[in-house]
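>>> Turn this into a model:
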Amino acid sequence: MFKCIRGSRFLAELAKGKHDFDTVIIDTVDRACALCAEAILEKYNKANSDHPATDLCDIGYGKGYRYMVAEFSRVLTKLFQIGLSV
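Predicted structure coming up:
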C-alpha cells in the first residue's frame, strides 16, 4: 500500500470494522499516486543500489509505472474487500 498508509496501519484499522465509515474519499489522487511512486522507488533502490532510480521512468521498459498501477489497484481492491465505497 502507499508508504504513508501502510505505515499508519490505515487498512488494518478499517478492516477491524470498529468505525462508522461507509466511504473512503481519496481527495487528491495525484498525491496518492506520488506516495505510491515514492514507495516503489524506495523499494527498487534498496534492491538496485548500484543503479538507483530517481523517477519511475528510470525503472526500465515502463515497469515503474506498471508497479505503480498494480500497487494503487491493490489498495483500492483492499478497500472494496473491506466493504467500503471509494
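
>>> quick one: the helices in the protein?
For the chain, helices defined by DSSP state H occupy the ranges 3-7, 10-16, 29-47, 63-82.

>>> Please tell me how far P52 sits from A12.
Distance of P52 to A12, given as CB to CB, to the nearest Å: 31 Å. Where you see a C-beta, it was placed from the backbone N, CA and C, and this is true even at glycine.

>>> And C33, by the same measure?
To A12, C33 is 22 Å away according to CB to CB.

>>> What of D30?
Distance of D30 to A12, given as CB to CB: 25 Å.

>>> the more surrounded of these two?
Regarding D30 and A12, a neighbour count based on other CB atoms under 10 Å identifies A12 as having more, with 10 against 7.

>>> how many other residues sit next to G64?
Residue neighbour count, defined by other CB under 10 Å, stands at 19 for G64.

>>> how many neighbours does the closest residue to it other than its chain neighbours have?
Computed as CB to CB, 6 or more residues apart in numbering, the closest residue to G64 that is not its neighbour in sequence is L56, at 3.1 Å. For L56, the neighbour count with other CB under 10 Å is 20.

>>> swap in the one 4 residues further on?
Burial of G60 is recorded as 9 neighbouring residues (other CB under 10 Å).

>>> so what's I40 up against?
I40 sits next to 56, 59, 64, 67-68, 71 when contact means CB atoms under 8 Å, 6 or more residues apart in numbering.

>>> Got the confidence number for it?
What the model reports for I40 is a pLDDT of 88.

>>> same check, this time on S85
At S85, pLDDT is 81.

>>> Same question for Y61.
Looking at Y61, its pLDDT stands at 86.

>>> count of neighbours near R66?
13.

>>> do E71 as well
20.

>>> Can you give me the separation between the nearest residue to it once chain neighbours are set aside and D30?
Using CB to CB, 6+ apart and skipping residues adjacent in sequence, the residue nearest E71 is C36, 5.1 Å away. Separation of C36 from D30 (CB to CB): 11 Å.
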